[in-house]
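Chemist: Take this sequence and fold it.
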Amino acid sequence: MSENYKIIWTGGEIEIDPLGCKMVPTFNLNGKNIKPLHEAGWLNDKSEEFNMLPGILQNLKGEFPCVPFGINSSVEELTQDWKPSYSEEPYIVNEPHGYSSNKKWKLMDLQSHKAEFKIDYPEKDFVNFLKRTIEVDDDEPYKINCSLEISVKEDCDLPIGLHPMLRIPQDTNKVKILTGNFKFGLNYPGLVLKDKTLGAIGKEFNRLENVEGFSGNIIDLSSPPFKGNYEDLFQLCGVDGNVTVENYEENYKLDFQWDPLHFASVLMWVSNNGRTEYPWNSNHITMGFEPITSAFGLSTHISTNSKNPIAKRNIPTSIKLFKNKPLKTEYSFSISKL
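Modeler: Now for the predicted structure:
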């Protein structure tokens, strides 16, 4: 078990787990402790099964960076328009969402209002290191500022992403997701999980409230959870870099802002009691609202190929990284009363 680190300030407390550098904030808003981000229910399990899980699942919680973003996947399971999407020289992702999501980061600096972490990648990896800074200010007590720096050993194209997961009340109609503008949305072009599909395969939409469902029904993606057991993915392409989540159960709104030049899309991960195997056990509800430059979190074979259907519509699905010029991006979370 990792030793976690904390930042405590007038607005609340941030716990940072070095395994994946996962951040879980607790805001003290109007005398109440508010945790807007998700924590999986199995985190304190001591079983042998638990020890066999990849690092990303052992402490699935909060928000964390993913470099590269994605898992190894095959186009064989996807719709026909995705078949020509393999690149010739793939970056092999040996762990889900990359090395940094599954391994311990090193604490570089911890002050009263700021923490800085770093992780060095294996010698043969394209990536050199990541640095992550989490910072608060008593003058803006309900805002968390984050930065991520990506350094590579050689020029390359990689899909990247952030992985915040929303804490969703069990009751329906208690959450509303208000996105900024996006150019188009896409249902996943395949089956994420057989018999647990929420959206009609590969269909396009332009409003969260009007998404075609697998059974021909209309889904309102803006208001989880969903009646039934589902596991599915949806991508908002060409976003403007912000989302507001209104929680009517605890009367707050969470604002999340990022740079759309670095994260051009959002992956909406619907985990709605769909997975039956350990550790999910049909008892896991969250919505990942994940800024990405990627194609659905598919393999880098696909995301780095300009022939994939999203990239062909001028929405980047990988980002060009340069050996002598680390990429630095900034983003923030803030909370206020409804």
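Chemist: what residue is smack in the middle of the chain?
Modeler: His163 (2.1 Å; Cα atoms, centre = their mean).
Chemist: and that one, what does it touch?
Modeler: Glu63, Phe64, Pro65, Cys66, His97, Ser101, Gly288, Glu290 (Cβ atoms under 8 Å, 6 or more residues apart in numbering). C-beta here means a position set from N, CA and C on the backbone, and glycine is covered the same way.
Chemist: Roughly how far does it sit from Val266?
Modeler: From His163 over to Val266 the distance is 11 Å, taken as Cβ to Cβ, to the nearest Å.
Chemist: cool, and His113?
Modeler: Here the distance between His113 and Val266 works out to 29 Å (Cβ to Cβ).
Chemist: my guess is Ser112 meets Ile14, correct?
Modeler: No - under the criterion of Cβ atoms under 8 Å, Ser112 makes no contact with Ile14, lying 11.7 Å away.
Chemist: which residues are in contact with both of these two?
Modeler: Common neighbours of Ser112 and Ile14 are listed as Ile7 (criterion: Cβ under 8 Å, 6+ apart).
Chemist: can you tell me which residues contact Asn59?
Modeler: By Cβ under 8 Å, 6+ apart, the contact set of Asn59 is Ser2, Asp17, Leu19, Gly20, Lys22, Leu43.
Chemist: likewise Gly297?
Modeler: With contacts taken as Cβ under 8 Å, 6+ apart, Gly297 has the following neighbours: Phe69, Gly70, Ile71, His97, Pro159, Gly161, Leu233, Leu267, Glu290.
Chemist: The last one: how many residues sit nearby?
Modeler: Using other Cβ atoms under 10 Å, Glu290 has 24 neighbouring residues.
Chemist: element containing it?
Modeler: With secondary structure defined by DSSP states H and E, Glu290 is part of strand 285-293.
Chemist: residue contacts, Leu107?
Modeler: With contact taken as Cβ under 8 Å, 6+ apart, Leu107 is in contact with Tyr5, Pro18, Ala115, Glu116, Phe117.
Chemist: what's the spacing between it and Glu13?
Modeler: 17 Å.
Chemist: neighbour-wise, which of His113 and Val266 wins?
Modeler: Val266 (27 against 14).
Chemist: thinking again about what came up before, shared neighbours of His163 and Val266, anything?
Modeler: When Cβ under 8 Å, 6+ apart defines a contact, the residues bordering His163 and Val266 alike are Glu290.
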